[in-house]
Structures are given as structure tokens and as C-alpha cells.
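Q: Turn this into a structure:
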Amino acid sequence: MHMKRRDFITLIGCAVLAPVASRAQQPAIPVVGFLHASAPDSNTHSVAAFRRGLSETGFVEGRNVAIEYRWAHNDANRFPELAADLVRRQVAVIVTPVNTALALAAKGATKTIPIVFSMGTDAVKAGLIASYHRPGGNVTGVTFMTSELGAKRLGLLLELRPQAKRIGLLINPNNPVAAETAIKDVRSAGSASGLDIEVLNATNPREIDAAFAYLFEKRADALVVNADPLFNSRRIQLATLAARYMVPAVSPLRDFVEAGGLMSYGPSDVERYRLVGVYAGRVLKGEKPADMPVQQPTTFELVINMQTARALGITVPPTLLARADEVIE
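A: Got it, this is the predicted structure:
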């Protein structure tokens, strides 16, 4: 067969280019930016729950989705730079579990990349969304209102210590929306019961130590630990200090009780991360955050550590034990 030289060169060129073109047409797997206030070593179960939520929508890390992790190690000053880094990376969605300030930093970094948050405060008051039913913009997520359960936690402590007069409230002023909500909630409930509420500020482990020393000096009867990523990551320190100073304490998270704390009341942390994973997966499938109603909790769990109660010399009323979702012996 006779072939002109020009046709031959064209044919060879097509043969060389064809594999390259087919490779280029393969879509790159989407990247999820996972932006967390704390550190990886204290969030193994949480990350696993997040991955489980993603897998429920068909996305498996390493197979058809990649996850870029950014950890702030409880340094709030790093939030903006870490959020900006994920925006530069052009991720498909940014998730910010368990921190209002982190979600606000992500929103400040991008108006286009979808953001899925999880937080324990009012997302509308925080300025993240327009409404729970129709968030608008590029932000949606899961709110567990943990800071607004302060009065409930105070009530549980009073069931254990009915003669209590002075109660400490541990807050992180670097998380102002959560802190202000808790102060208002607990002080309002405390004044109705004739209690003296001592607000204690802590932004790092050293200040947590100082807060407990102050509680002891003031002869506080009990302590409410507010919902905050710093306190979540320092749960062993909190439980140890509560035991050392003999202070009955209640926290939003069951992890605190598992670490030796007395009691927790709040939504399931694992469930929260799973729901964030589900929402991130739905965004990857093309849903718009503006039209995705913010999810709110339907169930809360009360967990009590009986070993700690005995060590503190506390008799847990049978009525409270009966309401507990889990009792650690």
C-alpha cells in the first residue's frame, strides 16, 4: 500500500498522542479538605466515623476520594492560614468539625468552595448561615447546640450535689460564641437555683491547671466543662485534675467519662462526625450547601462513671442511674 510521507507522520503522531489523551480524560479523584482545631492522636475514632459517613455515600479514601488533613494543634492563630492553604489546594469541599472559629476561618477564606461544619453553637448567631432550613451561600453542616445544654448539665450536677452553692464553669474565651452562650445559659439556670457561678477562662493546658487550682481555693462544689475542642483534646488532663482536687465535673463528651471523668451529657461525638462525612459526600455528588438544611440532633446520651463517683464519695441517686444511657463500672 502506497502512503505519503505526510500521512505516515500524522498517523505516527496520532498513535503517540492517543494514550496521552486517554489518560488526560480520566477524571481526577475529588479532594476533601479536613480542617481540625486539635491533633490527630486524640481524634482517631472521630476520623474513622467521618470516613464511615463518606463511605455511606459511596466515597472511600484512597479509592475514589482523597483527604487532605490540616491540624491546628489547638492554636487558633493558625486557623486562617490552614483554611487558606486548603483553598489554594483547590479542594472540592472543606469540612470543619467541632469548632465555630474554624468554620468562620474557612468561610473567610472562600465564598465558592463548599464548607461542611459541625459545631455546638448557634450557626445563625455565629454568622455562618442565613437560616437552618435554607443556609444560603456555600456553608452547611451539623449543629449540636452543646453549649446551650449548660443548664441541663448544671441540673444533673445538682442531682448529685443537691447542697451545692458554688459551681465553676470552664470556658475558652477564644471560642466566644460558645463561651457567651454557655455563660448566659448556666448563669440564668444558676440564679434560679440560688447558685454562685464562677466563670473560669482557659485557652491552653497551663490555664486549665490554674483554673482547677482556683476552683479548689474558692471551695467550688462542682464544675461544668463547656463544649470546646481544647477541652475535648485535654480530657485526660481534665479528668486527672478533677480527681486530684475532688471536684465533681460534667462534660459534653463521653470521652471525658471514659478518661475517668464523672459524668457527660450531650450528643454522640461519633454520630456527629459520621453526619459530617455524609454531608461532605452529598456535596461531592453535586448537592449545593445553600439548599441543604443544617442537621440538628435528635438524641443525647448521659454517661456516668461509677468508679469516679465512689472515689469522690458521691452516691448516685437510683433515678439518675435509671436515666443513664451508659454506666461505666
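Q: quick one: pLDDT of the residue nearest the centre of the chain?
A: For the chain, the residue whose C-alpha lies nearest the mean C-alpha position (CA atoms, centre = their mean) is residue 98; its distance is 1.8 Å. For residue 98, the model assigns a pLDDT of 77.
Q: gap between stretch 240-254 and the chain center?
A: Taking the mean C-alpha point of stretch 240-254 and that of its whole chain, the gap between them comes to 20 Å (CA atoms, centre = their mean, to the nearest Å).
Q: any idea of the mean pLDDT in that stretch?
A: Throughout stretch 240-254, pLDDT has a mean value of 94.
Q: Which positions within it qualify as buried?
A: Residues of stretch 240-254 classed as buried by neighbour count (16 or more other CB atoms under 10 Å): 241, 242, 243, 247, 248, 249, 250, 251, 252, 253, 254. Bear in mind the C-beta positions are built from the backbone N, C-alpha and C, glycine included.
Q: Tell me if I'm right that the fourth one and residue 220 touch.
A: Yes. Assessed by CB atoms under 8 Å, residue 247 is found in contact with residue 220 at 6.5 Å.
Q: Now do the shared contacts for these two.
A: Counting by CB atoms under 8 Å, 6 or more residues apart in numbering, the shared contacts of residue 247 and residue 220 are residue 168.
Q: ok, now which ones touch the residue nearest to the centre of the chain?
A: With contact set as CB under 8 Å, 6+ apart, residue 98 has these partners: 36, 37, 118, 119, 120, 229, 232, 272.
Q: burial of the last one, as a residue count?
A: Counted with other CB atoms under 10 Å, the burial measure for residue 272 works out to 27 neighbours.
Q: ok, now the fourth one?
A: In terms of burial, residue 119 registers 31 neighbours under the definition other CB under 10 Å.
Q: Apart from its chain neighbours, what residue comes closest to residue 327?
A: On the basis of CB to CB, 6 or more residues apart in numbering, the spatially nearest residue to residue 327 that is not a chain neighbour turns out to be residue 304, at 5.3 Å.
Q: Is that neighbour in a helix, a strand, or coil?
A: Under the three-state scheme (DSSP: H, G, I helix; E, B strand; the rest coil), residue 304 adopts strand.
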